[in-house]
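Enquirer: Sequence and predicted model, in that order:
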Amino acid sequence: MSDSIKQIEDTIIARERVSTESVAWLFSEGSDEDLRSLSSLARRHYHTDGVASYLKMAIVNYTNICVAKCDYCSFYRLPHEDGTYLLNQNQVFAKINELVSFGGTLVGFNGGFHPKLTILDYAKLFKAIHLEYPSLKFYEMTVAEFMFTCKLSKVSYEEGAKILKDHGTEWITGGGAEILVDSFRLRHSPGKYKVEDYYAAQKAILDQGLGSTATMVIGFDESTSERLEHLERLRRFQDENQNRLASFLCWTYKPFGNALGGKEISTREYLRWLAICRIYLDNFVHIRTSVLTKNERALEALLWGANDFDLPTEDEVTQKAGATISHAFDSVLNHAEKIGIKAVYRKPFDTRVRPILSWQPLSDSTISS
Ligand code: SF4
């Protein structure tokens with residue numbers, strides 16, 4: 001073992017914070033075995049070796065109408081184009097019923113920047129859904145959609161989050177983050193948001209007592225330093241906000257059917273990056289791997305620092321870009337067993353119970369359950 005690897009290992013064992021410079025070096029110079037074993041070491045602070053959790057969920061895309069025009073998106077249609085849709089309540093219910101038939105317990109919603117849907121329109125739809133499905137949990141909107149509709153509705157993020165909360169919303173997700181660096185945003189989605197604004201919305205959501213999550217997408221044309229900047233800012237935000245983001249999920253860009261195109265990154269690169277995320281994001285208990293974009297190969301990441309995954313039943317956004325979704329759930333789960341992981345079905349996270357950090361990294365932020 002080299003001195004540098006030993007130093008990182010000692011840092012993790014001592015429960016100290018690994019620096020950005022160290023993970024940059026590790027990602028570029030560390031062997032696969034180094035990354036795998038160091039991320040497993042970091043995982044062990046929170047989770048038992050050989051055990052992971054999962055749930056079944058659907059992502060319901062209630063509209064494909066969007067005016068943001070991100071060049072990496074294969075899903076959206078401009079309002080005047082052919083092929084646009086906006087699902088009505090019954091059509092949304094039909095999609096949720098399908099998830100229920102698969103035994104799923106969580107529904108995420110993801111549409112686009114619809115130029116006419118106000119925050120109240122969303123809140124009313126979500127309220128009707130809660131009443132119809134009291135036993136399910138919902139991830140209602142992404143932070144990016146929330147930002148857009150708040151602006152359209154001329155309400156602050158604080159007011160927008162309160163409107164949703166008053167209608168029964170419990171969760172928003174950190175979706176629409178891709179790479180949270182302004183240089184990336186400028187290249188690919190200049191109309192979407194500025195990074196500081198994204199975090200202002202996240203903070204307003206958390207401060208209203210709603211749950212939220214962190215996400216990242218890799219494999220566009222981003223540089224390693226842009227990826228690291230994303231992690232650096234996210235770790236700081238999590239410190240500043242008492243570790244309230246419930247989980248971190250990283251998935252991979254699918255290059256088909258959009259203006260940006262390109263080539264999909266390898267599973268090996270995905271695994272190496274997830275290992276870096278586990279080592280660096282010491283203030284996240286749950287690091288999730290993406291079956292949606294990497295299918296059963298995503299489960300390898302459970303040996304590279306990840307501890308949780310979902311089995312998706314549908315998501316048009318990634319399917320349009322080339323993702324394939326299998327409903328042969330047993331075969332995916334068998335793969336977990338094959339690689340020595342016992343996958344345990346879990347309930348959706350509860351916003352009232354924060355993940356407990358069993359050890360405290362360098363920051364002096366604390367968490368209460
Ligand atoms: S990624 Fe989202 S915000 Fe961007 S164009 Fe697609 S639907 Fe719209």
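Expert: Structure's in. What do you need? Numbers count the residues shown, from 1 in each chain.
Enquirer: List the buried residues for the longest strand anywhere in the chain?
Expert: When the chain is scanned for its longest strand (criterion: DSSP state E), the result is strand 51-60. For strand 51-60, burial by neighbour count (16 or more other Cβ atoms under 10 Å) applies to 52-60. Just so you know, the C-beta spots here come from the backbone N, C-alpha and C atoms, and that holds for glycine as well.
Enquirer: what's in contact with the helix or strand of the chain with the lowest mean pLDDT?
Expert: When the helices and strands of the chain are scored by mean pLDDT, DSSP states H and E, helix 316-320 comes last with a mean of 74. Among residues not part of helix 316-320, those counted as contacts by Cβ atoms under 8 Å, 6 or more residues apart in numbering are 59, 61, 64, 73-75, 110, 251, 254, 257, 292-293, 325.
Enquirer: Sort out which of those are in strands and list them.
Expert: Using DSSP E, the members of the contacts of helix 316-320 that fall within strands are 59, 251.
Enquirer: ok, and of the contacts of helix 316-320, which contact the ligand?
Expert: Intersecting the contacts of helix 316-320 with the contacts of the ligand gives 73, 75 (criterion: Cβ under 6 Å from any ligand atom).
Enquirer: How far does stretch 173-189 stretch from one end to the other?
Expert: By Cα to Cα, to the nearest Å, the extent of stretch 173-189 from end to end equals 19 Å.
Enquirer: So which bits of it are buried?
Expert: 173-181, 184-185, 187-189.
Enquirer: Return the residues of the protein in contact with the ligand.
Expert: 66, 68-70, 73, 75-76, 112-113, 144, 176, 189, 192.
Enquirer: In JSON lines, list those residues along with distance to residue 34 and secondary structure.
Expert: Putting the residues of the chain next to the ligand into JSON lines (distance: Cβ to Cβ, whole Å; DSSP: H, G, I helix; E, B strand; the rest coil) gives the following:
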{"residue": "66", "distance to residue 34": "41", "secondary structure": "coil"}
{"residue": "68", "distance to residue 34": "39", "secondary structure": "coil"}
{"residue": "69", "distance to residue 34": "41", "secondary structure": "coil"}
{"residue": "70", "distance to residue 34": "35", "secondary structure": "coil"}
{"residue": "73", "distance to residue 34": "35", "secondary structure": "coil"}
{"residue": "75", "distance to residue 34": "37", "secondary structure": "coil"}
{"residue": "76", "distance to residue 34": "40", "secondary structure": "coil"}
{"residue": "112", "distance to residue 34": "41", "secondary structure": "coil"}
{"residue": "113", "distance to residue 34": "42", "secondary structure": "coil"}
{"residue": "144", "distance to residue 34": "35", "secondary structure": "helix"}
{"residue": "176", "distance to residue 34": "33", "secondary structure": "coil"}
{"residue": "189", "distance to residue 34": "35", "secondary structure": "coil"}
{"residue": "192", "distance to residue 34": "36", "secondary structure": "coil"}
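Enquirer: Top of those residues by number of neighbours, please.
Expert: residue 112 (29 neighbours; other Cβ atoms under 10 Å).
Enquirer: Excluding covalently adjacent residues, which one is nearest to that one?
Expert: Nearest in space to residue 112, with sequence neighbours left out and distances taken as Cβ to Cβ, 6 or more residues apart in numbering, is residue 66 at 2.5 Å.
Enquirer: looking at it, that neighbour is touching residue 74, isn't it?
Expert: No: with contacts counted by Cβ atoms under 8 Å, residue 66 stays clear of residue 74, the gap being 11.7 Å.
Enquirer: Quick one: residues contacting residue 117.
Expert: Per Cβ under 8 Å, 6+ apart, neighbours of residue 117: 63, 111, 149, 152.
Enquirer: sorry, that was for residue 313
Expert: Going by Cβ under 8 Å, 6+ apart, residue 313 touches 56-58, 98-99, 102, 104, 325, 327.
Enquirer: And for residue 54?
Expert: By Cβ under 8 Å, 6+ apart, the residues touching residue 54 are 308-311, 333, 343-346.
Enquirer: Would you mind giving the residues you listed as TSV with pLDDT and secondary structure added?
Expert: Listed next are those as TSV, based on pLDDT from 0 to 100; DSSP: H, G, I helix; E, B strand; the rest coil:
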residue	pLDDT	secondary structure
308	95	strand
309	95	strand
310	91	strand
311	90	strand
333	90	helix
343	94	strand
344	93	strand
345	92	strand
346	90	coil
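Enquirer: Relative to the ligand, which of those is nearest.
Expert: The ligand has its nearest neighbour among those in residue 310, at 19.8 Å by Cβ to the nearest ligand atom.
Enquirer: mind checking pLDDT for the closest residue to the closest one other than its chain neighbours?
Expert: In this structure, residue 310 finds its nearest non-sequential neighbour in residue 57, 4.8 Å apart by Cβ to Cβ, 6+ apart. Note on residue 57: pLDDT of 89.
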